[in-house]
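> just need the structure, nothing else, for what follows:
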Amino acid sequence: MSNAIEVEDVTKVFRLYSEKFSSLKERVIHGGKNPFQEFYALKNVSLEIQEGTSVGLLGHNGSGKSTLLKTIAGIIQPNSGEIRVKGRVSAMLEVGAGFHPELSGRDNIFLSATLLGVPVKEVKLRFDEIVEFSELGQFIDNQVKYYSSGMYARLGFAVAVNVDPDVLLVDEVLAVGDENFQRKCIDRIKSFQKDGRTIVFVSHSPDLVRAICDFAYVLDHGSLIGKGSPADAIAELRDSLNRTKGQVGGAIVEAAGSVSSSTPVHEEQAIAITSISAVADGEQSGDSTRIAPHDPLKIVINYAARRQVGGANITLSILAANGEAVFSANSEDLKIDPFDIDSDGVFELYFDTVPLLDGTYGLAVTINDHMRSPIAWVEEKVGFQVVNPSLASGLVALEYRVNSFSRS
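Predicted coordinates:
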C-alpha cells in the first residue's frame, strides 16, 4: 500500500514579537528592526500515512498538532523539510475557516469549495446535498456573520465532506456541533473509511481517537515523541503530560504516574494528610499507577497527627478528568466505625475490580472530626490511569457476554 501523506524532516518557526515599532522615529532608532524571539512550532517532524488509513494527532495545547495539519493542507509552508500529499485534500481546520462573514451561506459554499479546488459546475451538482447535510436550509441565504459557532461548524464540515476528497483533514471541530450533528459527522467519517479515504484527525478526546483512528502520533512541544495504536498513543500522551516535575493541584508530580503530596505539617494543625497513592495490586511500591479495566487497585492514605482527634472518619473520592466524582464514600459508609487519631497512621482501601474505561482519574481525601467537619483535605489531579486495550469507549467498563449470534 502506497503512502497518501509523507512528512519528511519538517520544521516550522514563527517569530514572536515582544513589541512592534509603528512610527518612523522608532524604526530609525532601532535600525528598522523589531526585536523578536523564534518559536519552533515543529522540529524535524517526519511521519508517513498510508492510503486508506485513519490517523490521529495527539498532544497538549501548543504541541504543534494544528500547525502540522496546516502544513499538510498547504495553508502554511514549513521553513525546512518536505511534504508530499497524494490526491485532493479537504480540510476542516477551524470554525469558519475560508468563510467571508459578509457573504451568505449559499455564497460561502461556492467560495469554500472553490478554495478546495472544486469546479463551480461540480459544486452546483453537490449544492443540495451540502445544504441538507448542514441542516441550514432556512438560514442558507443569511450572512454567515449572524451564524452561531455551531452553524459555522455545520456549514464548514458539510462542504469539507461533500467535495469528494481523497484526504480529509479534521482539526477538533466536532466538539462544536450538537450531539446529533456530531453523530452524523462521525457516521460520514466512517463511510469515508469504508470507501478507502485517508483521514487525519486532531482531537483532545481519547474516545474519538480510539473510535475513529487506526494509528496515532503524539507531539510534544513541536517534536514527535510517540506513535502506535490509539491505546498506546493515548498512554504515551498521558505519560508526557505527567512526566515533567511540577506542582499539580497541591501535589508534586515526580515522574510519570508517581504522585506524592507536598502538604506540610504545621504545629497548629491537628491532622495533616501527608500522601495519597494509588497502587496496582501486587506492586511493592507506589510507582505503578496504570491499570487495565477491572484490575484491582489499592489506595494508600498516609496522615500525620499533632494533636488527638476523636471520632474521626475519612472520605475518599475518585474524580474523572472533568472533576466529577465517579466514586465517593465515607469510611462510615464502608462500615468502619469512627476512630480516634492520636499518632501518625495509614488508611488503605482495596478495590477488587475497577470497572472504569480509559482515562486519568484524580483522588480527593478528606479527614473529618466527630461533627463531620473537615480538618484535613488533599486532592491529587493525577491519581491513577486506566489504559483500555479494547475499542470500547465511554466511562464505565461493563461486563458482558454474547449469548447467541447468527447470520441470515
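> tell me the contacts of Ala312?
Applying Cβ atoms under 8 Å, 6 or more residues apart in numbering to Ala312 gives the contacts Ile271, Pro338, Phe339, Asp340, Ile341, Ile367, Asn368, Asp369, His370, Ile375. To be clear about C-beta, it is placed using only N, CA and C from the backbone, and glycine gets the same treatment.
> do the same with Tyr17
Neighbours of Tyr17 in contact, by Cβ under 8 Å, 6+ apart: Asn34, Pro35, Phe36.
> so Lys159 sits in a helix?
Wrong residue type there; residue 159 is Val, not Lys. Yes. Assessed with DSSP: H, G, I helix; E, B strand; the rest coil, Val159 lies in a helix.
> and for it, the neighbour number?
The number of residues packed near Val159 is 27, by other Cβ atoms under 10 Å.
> quick check on the residue nearest in space to the middle of the chain: phi, psi?
In the chain, the centroid-proximal residue (Cα atoms, centre = their mean) is His204; its distance is 2.2 Å. His204 adopts backbone torsions of phi -100, psi 0, taken as degrees, to the nearest 10.
> also the one 5 residues further on?
For Val209, the backbone dihedrals are phi -60, psi -40 (criterion: degrees, to the nearest 10).
> list the residues that contact Gly64.
Lys12, Ala41, Leu42, Val45, Leu219, His221, Gly222, Ser223.
> what's the answer for Ile49, then?
Counting by Cβ under 8 Å, 6+ apart, Ile49 has contacts Asn3, Ala4, Ile5, Glu6, Val55, Thr198, Val200.
> what does the domain assignment say about the protein?
Split into domains by automatic domain parsing, the chain comes to 3-240, 244-386.
> which one of these lies nearest to Gly394?
Counting by Cβ to Cβ, Gly394 lies closest to domain 244-386 out of the domains of the chain; the figure is 5.5 Å.
> and the strands in the stretch 251-400 of the chain?
Assigned by DSSP state E, counting those that start in this stretch, the strands in the stretch 251-400 of the chain fall at 251-255, 258-261, 271-280, 290-291, 297-305, 309-319, 325-330, 339-341, 345-351, 359-368, 374-386.
> actually, the stretch 51-200 of the chain.
54-58, 80-85, 89-92, 167-171, 198-202.
> now the ones you listed in a markdown table, please, with extra columns for mean neighbour count and mean pLDDT.
Compiled in a markdown table, those are given as follows (neighbours: other Cβ atoms under 10 Å; pLDDT from 0 to 100):
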| stretch | mean neighbour count | mean pLDDT |
| --- | --- | --- |
| strand 54-58 | 26 | 92 |
| strand 80-85 | 15 | 94 |
| strand 89-92 | 24 | 81 |
| strand 167-171 | 23 | 87 |
| strand 198-202 | 24 | 91 |
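> still on that earlier bit, which of the contacts of Ala312 count as buried?
Ile271, Ile341, Ile367, Asn368, Asp369, Ile375 (16 or more other Cβ atoms under 10 Å).
> and the second one, what does it touch?
Ile341 makes contact with Ile271, Tyr303, Ala305, Gln308, Val309, Ala312, Ile367 under the criterion Cβ under 8 Å, 6+ apart.
> hmm, back to that, the strands of the stretch 51-200 of the chain into CSV, with extra columns for distance to Ser328?
Listed next are the strands of the stretch 51-200 of the chain as CSV, based on distance: least, Cβ to Cβ, whole Å:
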stretch, distance to Ser328
strand 54-58, 30
strand 80-85, 49
strand 89-92, 40
strand 167-171, 36
strand 198-202, 34
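> among the helices and strands of the protein, which has the poorest mean pLDDT?
Lowest by mean pLDDT, DSSP states H and E among the helices and strands of the chain is strand 251-255, with a mean of 30.
> so where's the stretch 251-400 of the chain uncertain?
Applying pLDDT under 70 to the stretch 251-400 of the chain flags the ranges 251-269, 281-287.
> look up how far Asp107 lies from Val163.
16 Å (Cβ to Cβ, to the nearest Å).
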